[in-house]
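Novice: sequence first, predicted model second:
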Amino acid sequence: MEIRGSVRASLDDLTRRGRAALAAKPHRRAWAAAVAMPLLALALSGCVSMGPRTIPRDRFDYSTAITDSWKRQTLLNIVKLRYLDPPIFVDVGQIIAGYSLEAAISLGGTESSEGAVQGDFFSLGGAGRYVDRPTITYTPLTGSRFVESLMTPFQPEAVFSTIQSGWPADVILFSCVASINGLKNTEVGVAGVVPAEPKFMRLLELMRTIQRSGAVGLRVQRGEEGRPSTVLTMRAENVPEETKRAISEARELLGLDQNVAEFHLVQGATAANPREIAVLTRSMMHILSTMAAEVTVPSQHVTEGRASPGWESVTGVAHTPIMRVTASKEPPEDAYVSVPYRGHWFWIDDKDLRTKRAFALMMLLFTLADKGRVEIPPLVTIPAQ
């Protein structure tokens with residue numbers, strides 16, 4: 001520690017001065033002056049504030065620790081859902097860092113007269129203690145907040161707003177949408193995986209093409225009785241021919257009017273008219289269960305009924321996983337995130353950018369799904385030490 005080093009250097013210097021003073025047999029006032037000035041400097045050095053020096057270090061360390069634990073908790077819950085174990089989420093509520101620095105110095109000595117038997121004596125001692133005692137509060141996600149945050153489906157406008165902000169349309173729709181105008185996405189259950197309809201997968205490709213061209217937009221306007229209404233726009237003017245063909249095919253798949261550029265976005269399984277896009281969205285728990293089907297688990301766990309069947313049990317269907325989670329007996333050497341579970345290590349390769357993107361998106365969706373009430377934290381009194 002920097003503080004300990006300065007204290008030790010000051011004590012050593014004080015000892016040398018005292019011994020030199022005694023060796024020269026000075027007057028008592030000279031001896032007192034020799035040791036008083038270093039002692040005063042040592043006392044003043046203890047008045048330097050500790051708090052500002054800890055901010056750069058602690059802010060970085062706590063941020064890294066919270067991020068790593070959040071990643072591990074998310075991956076662990078995904079793996080647990082593959083084994084039909086209930087997930088648990090624990091948030092870090094508050095972090096209050098408390099520090100204490102104590103120092104004590106003892107100084108003593110005797111100066112004997114000429115010819116005295118006992119001679120001269122000088123002693124100097126010091127002691128210090130540094131205490132780092134943080135107070136961390138944890139908040140388990142339970143009760144009504146758990147149901148509201150993890151079991152409530154996303155609003156359609158929230159899903160498409162994420163697309164408009166730049167996230168890949170195919171990844172967002174595959175993760176967050178159960179169906180669009182009756183076109184069904186992948187379903188995951190205890191019996192295994194039911195692949196998405198080919199038309200739905202084709203729609204994802206078209207939406208990605210349209211997104212790249214910037215021809216899709218979203219706005220909120222007043223609807224019936226003054227209520228807000230979300231409008232999705234797919235313009236066909238001033239866009240490349242490839243984009244025009246993609247927009248036309250997307251409208252055909254969704255059963256939309258080819259001559260209309262604006263469509264109302266609603267929550268539901270089927271559309272009421274050709275100018276409406278009905279989106280059946282998923283909840284956060286549903287998204288996690290879908291991602292769990294991508295996890296590679298030991299084959300004997302599926303055979304023995306310990307884990308539910310995943311994509312490895314689906315044959316005859318081309319599938320490109322959006323997230324790869326590998327299982328191994330030994331801890332991984334180069335992992336983006338890894339967790340131990342049921343005698344195996346489950347991890348994501350740090351060089352798998354596609355998986356890291358999907359995993360980061362899922363962590364951001366937790367923030368979007370958090371609809372719990374803002375609670376006033378308890379008042380914590382930290383004494384000055």
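Specialist: Good, I have the coordinates.
Novice: helices of the stretch 251-385 of the chain, start to end?
Specialist: Taking DSSP state H, counting those that start in this stretch to define them, one finds helices in the stretch 251-385 of the chain at 284-292, 299-303, 353-369.
Novice: turn these into a markdown table, columns for mean neighbour count and mean pLDDT.
Specialist: Yep, even glycine has a C-beta here, placed from its N, CA and C like the rest. Converted to a markdown table, those look like this (neighbours: other C-beta atoms under 10 Å; pLDDT from 0 to 100):
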| stretch | mean neighbour count | mean pLDDT |
| --- | --- | --- |
| helix 284-292 | 22 | 91 |
| helix 299-303 | 13 | 92 |
| helix 353-369 | 16 | 84 |
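Novice: can you check which of these gets nearest to residue 242?
Specialist: Nearest to residue 242 among the helices of the stretch 251-385 of the chain is helix 353-369 (23.7 Å), distances taken as C-beta to C-beta.
Novice: which helices and strands sit right next to the closest one?
Specialist: If you count contacts as 3 or more C-beta pairs under 8 Å, 6 or more residues apart in numbering; DSSP states H and E, helix 353-369 packs onto helix 51-82, helix 143-150, helix 169-176, helix 284-292, strand 335-341, strand 344-349.
Novice: at 7 Å instead, please
Specialist: Applying 3 or more C-beta pairs under 7 Å, 6 or more residues apart in numbering; DSSP states H and E, one finds that helix 353-369 contacts helix 51-82, helix 284-292, strand 344-349.
Novice: gap between it and the chain center?
Specialist: 9 Å (C-alpha atoms, centre = their mean, to the nearest Å).
Novice: tilt between it and helix 143-150?
Specialist: Between helix 353-369 and helix 143-150, the angle comes out at 130 degrees (axes from the mean of the first three to the mean of the last three C-alpha atoms, to 10 degrees).
Novice: so helix 353-369 versus strand 335-341, what angle?
Specialist: 70 degrees.
Novice: hmm, back to that, which of the helices of the stretch 251-385 of the chain sits closest to residue 96?
Specialist: Closest to residue 96 of the helices of the stretch 251-385 of the chain, according to C-beta to C-beta: helix 353-369, at 23.1 Å.
Novice: next, the angle from that closest one to helix 51-82.
Specialist: Here the directions of helix 353-369 and helix 51-82 differ by 100 degrees (the same axes, to 10 degrees).
Novice: I would like the residues contacting helix 353-369, please.
Specialist: Helix 353-369 is contacted from outside by 70, 74, 149-150, 154, 158, 167, 171, 284, 287, 291, 322-324, 336, 348, using C-beta atoms under 7 Å, 6 or more residues apart in numbering.
Novice: hang on, the earlier thing: deepest in the core, which of the helices and strands packed on helix 353-369 is it.
Specialist: The highest average neighbour count among the helices and strands packed on helix 353-369, using mean count of other C-beta atoms under 10 Å, belongs to helix 284-292 at a mean of 22.
Novice: so what does that helix touch, helix or strand wise?
Specialist: helix 51-82, helix 143-150, helix 169-176, helix 353-369.
Novice: helices or strands next to the second one in the packing?
Specialist: Contacts defined by 3+ C-beta pairs under 7 Å, 6+ apart place helix 143-150 against helix 284-292.
Novice: and the helix it packs on, how far from the chain's centre?
Specialist: Mean-position distance between helix 284-292 and its chain equals 17 Å (C-alpha atoms, centre = their mean).
Novice: quick one on the thing from earlier: so among the contacts of helix 353-369, where is pLDDT lowest?
Specialist: For the contacts of helix 353-369, the weakest pLDDT value sits at residue 149, with 79.
Novice: the closest residue to residue 156 other than its chain neighbours: neighbouring residues, count only.
Specialist: Leaving aside its chain neighbours, residue 156 sits nearest to residue 279 (4.1 Å; criterion: C-beta to C-beta, 6 or more residues apart in numbering). Close neighbours of residue 279, defined as other C-beta atoms under 10 Å, add up to 25.
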